[in-house]
Structures are given as C-alpha cells and as structure tokens.
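Visitor: Structure for this input, please:
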Amino acid sequence: MLDIRTADAPTAQVAATNFGVVRIKRDILRRSAIGVIYGDRSISTAGNGASRTYGVDGLFSFYQNLNINTYFAGTETPGPSGHDTSYRAQLDYAADRYGVQIERLALDQRFNPDIGFVRRSAFTRNSTYLRYSPRPRSIAAVRKFTWDFQYDYITDPGGRLESRLGQLGFRTEFESGDSIAGEVASLYESLDEPFEIASGVVIPVGAYGYPETHFQYDFGAQRKVSGSVALEHGAFYNGTRTSLSTSRGRVEITPQIIVEPGLTIDWVDLPEGHFVNKLVSARTSYALTPRMSTSALVQYNSSLSSLDTSLRFRWEYRPGSDFFIVYTDNRDSALTRFPTLRNRALVVKLTRLFRM
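Guide: Coordinates of the predicted model:
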C-alpha cells in the first residue's frame, strides 16, 4: 500500500493532489503467481475530477522453460467513457538451444494510467522473437552461437501501420566470457505530425523506411575492465545516423571502489540539418561495509544542455530493511559560465521489512 500527498504549486498551476496504490500478489501452483492492483488520483490530468486505475495480472510457468505472461487493465478518468482498457498476452519458451516469444499488447485510445505512465498510447503491437543457440563441441574457444530474428508490427486502434521492425542477428559467445554480435535491421515509421528532433531540426510528416546495421563487442564481467562497445550505422528517416556507445561499463579500482563509465555519441545528418548529440556519464560506488555503501553519478546531456549529479548513501540496517539519503542536482550547461541551477532535491527514505 502506498499513499502520497503533494502540496500545491501555484506558479506551476498544480493543485494539491493525493495518490494511492494498493497491490496484492499471491503465488499459486509451483512457480506461478496472480495479482491485482488499484490506483487512485484525487485530481486527474485529464480534467476536473478523480481518476482510477485497476488491473489483474498473471504469470503462469509450466515445465522448466514455458511461461505465459498476461494482464488486463482499465482506467476511469473525467470525460467520455469506453475505449479505456489495455491487455497483454505473451507466450515465452526460453530453453538453452531454442527460444520462442510471441506477444500481443494493446492500449485503447482513452487508456490513461494517471499515476503511472505509458511509453506509447493508443496502439496494438504484435511481435515475434525466434532464437537458435547451439553449443559447438568442435570449437574449443566458442561457448555458444546464437542466431535470432525479431519482428514488431505496431498499428493504431484503426489498424493503420505506425511502426515496424524486422531484425536479424548473430552472436558468438567465447569461453573467455567475451562475445561479439552483429545485426541488420529494417525499420518503418509513419509520422502524422512534424517533430523537432534537435534544436532547429524538424523532421516533416511522412512515411519513412530505412535500414540499420549494428555491431557490438562485450568484454566479460570477470575482467577488471568490462562492458559493451557498440557501433551503429544506417539511414535515419530521410538522412543518416552513426552512433558509438558504451554500456554496462565497469572498472574495478579496488574490491571496494567501482567506476561505471558511459558514453553515447550520435552523428545525425538530415536534409533539415546536421547535429551531434553526446551523453556522458560516470558512476562511482564505494562499499564502506558489506551492508553500507555510497555512490555518485554525474551525467552530461548535450541535447538538453543539462548537467545532472546524484549522491546516494545506503545502509541495510537489518536484512531486507534499508535507510537511504539521496541528493540530486540538475543544472543548465548552455551558458558559458558555471552551469546554472535548475532544481535540486534531498530525499530521506526508510524501509522496514515485516515477516508475517
């Protein structure tokens, strides 16, 4: 159970609001579970009055590798009723050699979980994922080969195609823990409205189909320096894009001090303009004791001209129960002088686990 009360902010034209959530989940059979959820917001973002969200979900596991994931949810917001539900049905078979995943996900036009969020509204997505992963005995240096295929088909509630992805990939995992992968993808996006992808660069309305190629090398987690390096290149709407990125970076300075660097650089060339976007981050973690740690994250985003800092202290004062202190700071780096403060926050959080 969660209840949150926020104060009013007249300058932002936001009234005092109460948020409440109740979640119940129960294990059934050997490895399955069912649950229900209810959410209430006293002032809806859709108009005058409250909003409510309710849903039921289930995870049903059969044998060792077969899972069925499903949910059904609905919302009630001010205004017209109807067309305000969402559902998901997914069949997942994940054996070592073979993998199959088939999914259908749908959100109606007026489905609006006012407390949570949706990444995309009013759509139906049908997707398929197929995998074949043999372990060659004749090649000592190779642990596993993986061929996979992914296909996503997204339409609006009327059945009109909005987005499509077809992707073929091949991956080799070595006995050293490293791996290398390559993918070729074909994408389609239909734009009903122009949007500004960067300052002064607007992609016009239209239907865009374009190919991409991805390469990635992963350094094994057992190394002092580990992580992934990826290179992507291909068409991008009516232009081209090249991207260089790192992810899951990890540098072990000492057994107690870990640095996690991150870097993403996108070079985009469009008829409407050319721009380079940079995202640079570094997280440093220091384990004071096995149950007490501190971490610091610094991140720079060139597209938003923002410099973000986050400091966190965590103490597990008893098993399953934690005490946190978190400080966050966001600054505008567009100016030439020292970045200007946009906002800051200090949060103290205490959790306590009760066993019944």
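
Visitor: any idea of the mean pLDDT for stretch 52-72?
Guide: For stretch 52-72, mean pLDDT rounds to 96.

Visitor: Tell me the span between the first and last residue of it.
Guide: 14 Å (Cα to Cα, to the nearest Å).

Visitor: Which parts of this protein belong to which domain?
Guide: 1-82+107-121, 124-303, 304-356 (automatic domain parsing).

Visitor: Asp266 contacts Arg241, correct?
Guide: Yes. Asp266 lies in contact with Arg241 (Cβ atoms under 8 Å); the separation is 6.2 Å. (Glycine included, C-beta is placed from N, CA and C.)

Visitor: Please, which helix or strand holds the residue with the largest distance to the centre of the chain?
Guide: Residue farthest from the centre of the chain, counting by Cα atoms, centre = their mean, is Ser138 at 38.4 Å. Ser138 belongs to no helix or strand when elements are defined using DSSP states H and E.

Visitor: quick one, phi psi at it?
Guide: When read as degrees, to the nearest 10, the backbone of Ser138 gives phi -90, psi -10.

Visitor: now Ala12
Guide: Given degrees, to the nearest 10, the pair of backbone angles that Ala12 has is phi -100, psi 0.

Visitor: burial measure for it, as a count.
Guide: By the criterion of other Cβ atoms under 10 Å, Ala12 has 7 neighbours.

Visitor: how near is it to Leu304?
Guide: Distance, Ala12 to Leu304, using Cβ to Cβ, to the nearest Å: 19 Å.

Visitor: what do you get for Val259?
Guide: Distance from Val259 to Leu304, by Cβ to Cβ: 24 Å.

Visitor: same thing with Arg352?
Guide: Taken as Cβ to Cβ, the span from Arg352 to Leu304 is 37 Å.

Visitor: So the two - more neighbours on which side?
Guide: Leu304 (14 against 10).

Visitor: what's the more buried one sitting at in phi/psi?
Guide: Torsion angles, degrees, to the nearest 10, at Leu304: phi -100, psi 0.

Visitor: same check, this time on Gly177
Guide: Torsion angles, degrees, to the nearest 10, at Gly177: phi 100, psi -20.

Visitor: same check, this time on the one 4 residues further on
Guide: Per-residue torsions, Ala181: phi -140, psi 150 (degrees, to the nearest 10).

Visitor: how deep is it tucked in, by neighbour count?
Guide: Neighbours of Ala181 under the rule other Cβ under 10 Å: 18.

Visitor: got a list of what it touches?
Guide: Residues in contact with Ala181 (Cβ atoms under 8 Å, 6 or more residues apart in numbering) are 169-172, 214-218.

Visitor: which one of these sits closest to Ala198?
Guide: Nearest to Ala198 among these is His214, at 22.0 Å by Cβ to Cβ.

Visitor: which residue sits closest to that closest one, ignoring its sequence neighbours?
Guide: Glu183 (4.2 Å; Cβ to Cβ, 6 or more residues apart in numbering).

Visitor: What helix or strand is the one you found located in?
Guide: strand 179-191.

Visitor: Paired strands for that strand, with orientation please.
Guide: Strand 179-191 has its sheet partners listed here by DSSP bridges as strand 161-174 (antiparallel), strand 206-219 (antiparallel).

Visitor: what comes up buried for the last one?
Guide: Yep, that's strand 206-219 we're talking about. Buried residues in strand 206-219, counted by 16 or more other Cβ atoms under 10 Å: 208, 210, 212, 214, 216, 218-219.

Visitor: try the first one
Guide: Residues 162, 164-165, 167, 169, 171-173 are the ones in strand 161-174 that count as buried (16+ other Cβ under 10 Å).
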